[in-house]
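Engineer: predicted model follows, preceded by the sequence.
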Amino acid sequence: MKGINFEDKNIKFVLLPIGRYLIDGEVVNNNTCTKIEVKVKNEKDIREIEETKIVDYYLHVDTKEKITNEEYNSKINQLLEKSYYDYDVDERIFTTLEDEYAYKKFKSLYKPIYKIIQTFSEPLKVEMKTYQYDTGNKFIKNCFLNGNSSYDLYTYNRHDAWIDIVENCFKELKFEYIPNCDYGHTKDKKVWGNSTHSCIRYVTAFGGYVFDDRFNLPNKCIYGTLEDLKERYKKDYDRIRDVIIRKYNKAYKDIDPKKVDYKKVIEELYRIDGIINNIDVKKQSIEKQKGAISRIDKLIQYLESKYE
């Protein structure tokens, strides 16, 4: 049997196969064809219940007289003394019709009353796996406690995470938030705004829209392993902050000329110029275009790293 332990929540579940079990002092039935999740306190004392149906006593159909199993069997044996079993015809033969009638009448008058005997197994072995519900990231949560049967599946609320990343970045830059602020009102002012739709696509600051169509409305939630979603959040975090910080530096900081290797800048610009000039416009050389774009990006990153 397998079990799940959400250690940080002190919540445990076991995956019960079909059967009847004693768990934490209560009887739990699984009459389905699949395993079911059952919350437990002590996974080390789960016992399987076996039930056996046996005759408790016999009851006369008319008088309601009770007789014990021993009394019933004794009377049956007494009545059978006046008969023998003929194996050739596979049938019991009575000495007289009266003896046969007495036997059959007795059996018809006394009906068995049954009872259920329960036996309990030794504690079953449960293989527990430990998971964390609280992931350390409020936007990444385990799906199991939210109704999903996959205990190793996590969900990342990307929509809310993007908004939170933007809000915290502007807070660090000491920008004031103004709801539905038109981008024209943000020029040369440390204010920012956002629409009530489209997540962060229409965030305004620095006299324009901060983000382009690459930041259109994301999926509300995405699913995956904890490691994959943490990595996805980190990439989102770095990408969004990078856009804001770049535009902040452009608007409010100057490049320190002492930190710039102008020779390097000129050399790179010559290389870029050479690449672009060698592109055959008619052939649309994709690889050369990618190379030019890559070098431009690296140059921009180099320059921006020299801000005071």
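Structural biologist: Nice, I can see it.

Engineer: pLDDT weak spots in this protein?
Structural biologist: By pLDDT under 70, the weakly predicted segments of the chain are 145-149, 281-285, 308.

Engineer: centroid-nearest residue for it?
Structural biologist: Computing the C-alpha centroid of the chain and ranking residues by Cα atoms, centre = their mean puts Cys143 first, at 2.8 Å.

Engineer: from Asn137, how far out is that residue?
Structural biologist: When Cβ to Cβ, to the nearest Å is applied, the distance between Cys143 and Asn137 equals 14 Å. Where C-beta positions appear, they are placed from N, C-alpha and C, glycine not excepted.

Engineer: beta partners of Met128?
Structural biologist: Applying DSSP bridges to Met128 gives these bridge partners: Gly3.

Engineer: my guess is it contacts Asn5, does it?
Structural biologist: Yes - with contact defined as Cβ atoms under 8 Å, Met128 counts as touching Asn5 (5.1 Å).

Engineer: overlap in contacts, those two.
Structural biologist: Shared contacts of Met128 and Asn5, defined by Cβ atoms under 8 Å, 6 or more residues apart in numbering, are found at Lys12, Glu43.

Engineer: the two: which is more packed in?
Structural biologist: Ranked by neighbour count (other Cβ atoms under 10 Å), Met128 and Asn5 place Asn5 first, with 19 against 15.

Engineer: so which elements touch the helix or strand that one falls within?
Structural biologist: Secondary structure assigned from DSSP states H and E places Asn5 in strand 2-6. Under the contact criterion of 3 or more Cβ pairs under 8 Å, 6 or more residues apart in numbering; DSSP states H and E, the helices and strands touching strand 2-6 comprise strand 11-16, strand 127-131.

Engineer: ok, then the element right after the longest one?
Structural biologist: In other words, strand 11-16. From strand 11-16 onward toward the C-terminus, using DSSP H and E, the following helix or strand is strand 19-23.

Engineer: for that next one, which positions count as buried?
Structural biologist: Judged by neighbour count (16 or more other Cβ atoms under 10 Å), strand 19-23 contains these buried residues: Arg20, Tyr21, Leu22, Ile23.

Engineer: for it, packing partners?
Structural biologist: Counting contacts by 3+ Cβ pairs under 8 Å, 6+ apart, strand 19-23 packs against strand 26-30, strand 47-60.
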